[in-house]
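Q: my questions concern the predicted model and sequence given below.
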Amino acid sequence: MSKKNFFKIWLPLLVFLLALPLAACRQHQVQNLVDLPVAGSRNSAVASSQVRKVILDACKKRGWVAREISPGRISASIETRKHMAQIEIPYSGTRYSIIYQNSRNLKYDASKNTIHNQYNNWIDYLRKDIEVGLAQI
């Protein structure tokens with residue numbers, strides 16, 4: 001193989017393969033969702049007990065282990081083979097939030113408020129499922 005062919009074919013592939021792990025582990029700002037509005041299917045008032053049920057159902061669907069730690073406050077955690085994340089979800093009949101609490105192996109950096117992008121994916125999926133559930137009330 002000529003030197004020209006090596007640089008033309010193999011070098012770009014080698015660079016791509018070396019960069020792939022770095023791209024997969026990018027850090028992002030921690031996504032805390034604060035005071036998201038709660039609206040039922042008719043945009044009417046929703047009982048906090050209904051919001052609680054929707055949140056617990058959405059957590060269960062996505063693999064989060066959730067429990068109510070006090071009225072209007074749910075603690076949830078998710079574990080995979082290597083990663084763990086813990087969140088708190090304060091809620092009422094009008095608003096709810098999803099707040100980061102703790103993690104393991106997600107490269108959380110408190111000084112920069114960054115975390116592995118998988119955490120934000122988990123939060124986004126959970127939020128979407130909560131919104132779908134609330135729309136059905």
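A: On my side now, so go ahead.
Q: gap between the residue nearest to residue 116 when sequence neighbours are not counted and residue 69?
A: Using CB to CB, 6 or more residues apart in numbering and skipping the chain neighbours, the partner closest in space to residue 116 is residue 106 (4.3 Å). Placement of C-beta: from N, CA and C, glycine included. Going from residue 106 to residue 69 by CB to CB, to the nearest Å gives 22 Å.
Q: quick one: which of the two has more around it?
A: residue 106 (21 against 12; other CB atoms under 10 Å).
Q: and the more buried one, backbone torsions?
A: phi -110, psi 10 (degrees, to the nearest 10).
Q: do residue 89 as well
A: Torsion angles, degrees, to the nearest 10, at residue 89: phi -130, psi 90.
Q: which elements pack onto the longest helix belonging to the chain?
A: Counting residues, the longest helix in the chain under DSSP state H turns out to be helix 117-135. Counting contacts by 3 or more CB pairs under 8 Å, 6 or more residues apart in numbering; DSSP states H and E, helix 117-135 is packed against strand 27-29, strand 33-37, helix 48-61, strand 84-90, strand 95-104.
Q: contact partners of that helix?
A: 26-28, 30-31, 33, 36, 38-41, 46, 51, 54-55, 57-59, 61-62, 64, 78, 83, 85, 87, 96, 98, 100, 103, 106, 108 (CB atoms under 8 Å, 6 or more residues apart in numbering).
Q: for my notes, confirm residue 74 occurs in a helix.
A: No - with DSSP: H, G, I helix; E, B strand; the rest coil as the criterion, residue 74 is strand rather than part of a helix.
Q: ok, it - contacts?
A: Residue 74 neighbours (CB under 8 Å, 6+ apart): 52, 55, 56, 59, 66, 67, 68, 88, 89, 90, 91.
Q: repeat that for residue 28.
A: Residue 28 touches 114, 115, 116, 117, 120, counting by CB under 8 Å, 6+ apart.
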